Each structure stands twice: as C-alpha cells, then as structure tokens.
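Peer 1: Curious how this folds, go ahead:
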Amino acid sequence: PTDAMPNQLHENCEEWKSNALQKNKVVQKILSQIRLTNFTFNESCISCEHCPDSGLKGGLTTKPEILLCENSLKTKAEVEQVLSHELVHFLDHVKGTKWENVHELARSEVRAAKFSLECHTDTTQFYEGCLEQPHLCSISEQFKRCVKNRAIDSVKLVKDVTHSKASAIVESVFEKSFNEDL
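Peer 2: Below you'll find the predicted structure:
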C-alpha cells in the first residue's frame, strides 16, 4: 500500500529481500555466478532504503551495494525483479565493467534485462529454461524486443541522453550482449 508507514515499508522490503535470496531460483542462480568470482557477497550488500526519487526502484551504488527503494517497491514480485536486475549489474561490476563507458553500460543493461525477471511473462518456467539453456531466450521476438526496450530506457535514464542516442548505443552492442551467458 502506498500509504503504509515508513517502518512497514522497510519491514516489507527486508522480508521480500530475504525471501528472494533464500527461495527465488533466478536470484540464486545469479548469486552463484557472483560467488564464482570469489567476491564475498552477503545480505549486507543489499540495502532497503527510502529513495528521494519515487520513480526509482533500485540501483547499484559505487560501494558496490545494491539499493532497493522501499518506498517504490510495493510487492514481493517487484522486489524480486529489481533485485535480480541489480544482481546482474553487481556481477558485471565485480567482473570489471567500466560504467563510464556507455557501451559497457549498455551491455550490462541488455544482460540485466535478459537475465532478470523483468521481461518474462511466465517468470518461473520460461526463466529457469533460459538460465539452464540460454539459447532458449532467443525464441521469442517479443522477449528480445522487451530486453532491447528496457536496455534503451535504462541507458537513457542513466546517461541522460535522447531516445535515439540510447537506441543507437544499445543497438551497437545488442546481439553480442544478448547472446552472452550469465
């Protein structure tokens, strides 16, 4: 509920975050890839906080730390989607992504849109198939279009560029980035 008290928003976010970390197969798969980098990742790397921009749902800070905006996340499913998206960015960060390079940012945005839950209509079966057999992700043109549009929107927001500029940047890295494994 949008009129919930700040403490309740925080409690909900923390509960949904813990639940996702323990039970969500998508989140667990991305976490397993982070662990393979030998980065010590734990729940303290994810923070539920009040965000001043009510349109923001989450992000990756420079610490690095994943920020979940408790005042914008209204459901368990939203927390799982944002957390899975930001975990892909976290993985890319520990693997050395240079965020100031707009093409590397676009690559990570394509990967985050593909491997998170944001473009999946049947979020369990399709996604688990996508994780286990990444080539299955290319079956749906609608899915590909969603990934591309999400990446364009993210690049536009993060780099404050026009839609056509963001589109050109994403287009230049899309096929290679889309076809990468997690």
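Peer 1: Tell me which helix or strand Gly59 sits in.
Peer 2: Following DSSP states H and E, one finds Gly59 within strand 58-60.
Peer 1: What pairs with that strand, parallel or antiparallel?
Peer 2: strand 66-69 (antiparallel) (DSSP bridges).
Peer 1: Dump the C-alpha coordinates for stretch 38-49 into CSV.
Peer 2: Backbone C-alpha positions of stretch 38-49 (Å, rounded to 0.1, in the frame of the first residue of the first chain) are rendered in CSV as follows:
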residue,chain,number,x,y,z
ASN,A,38,35.4,-15.1,-5.3
PHE,A,39,33.7,-11.9,-4.3
THR,A,40,32.3,-12.2,-0.7
PHE,A,41,28.7,-11.4,-1.2
ASN,A,42,26.2,-11.4,1.7
GLU,A,43,22.9,-9.8,2.5
SER,A,44,24.6,-6.7,3.8
CYS,A,45,25.5,-5.9,0.2
ILE,A,46,21.8,-5.2,-0.3
SER,A,47,20.1,-2.2,1.4
CYS,A,48,16.4,-1.4,1.7
GLU,A,49,16.2,2.4,2.0
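Peer 1: as a whole number, average confidence for it?
Peer 2: The average pLDDT within stretch 38-49 is 91.
Peer 1: List the buried residues for it?
Peer 2: 41, 45-48 (16 or more other C-beta atoms under 10 Å). C-beta: built from backbone N, CA, C; applies to glycine.
Peer 1: got those residues as CSV, with secondary structure columns?
Peer 2: Converted to CSV, the buried residues of stretch 38-49 look like this (DSSP: H, G, I helix; E, B strand; the rest coil):
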residue, secondary structure
Phe41, coil
Cys45, helix
Ile46, strand
Ser47, strand
Cys48, strand
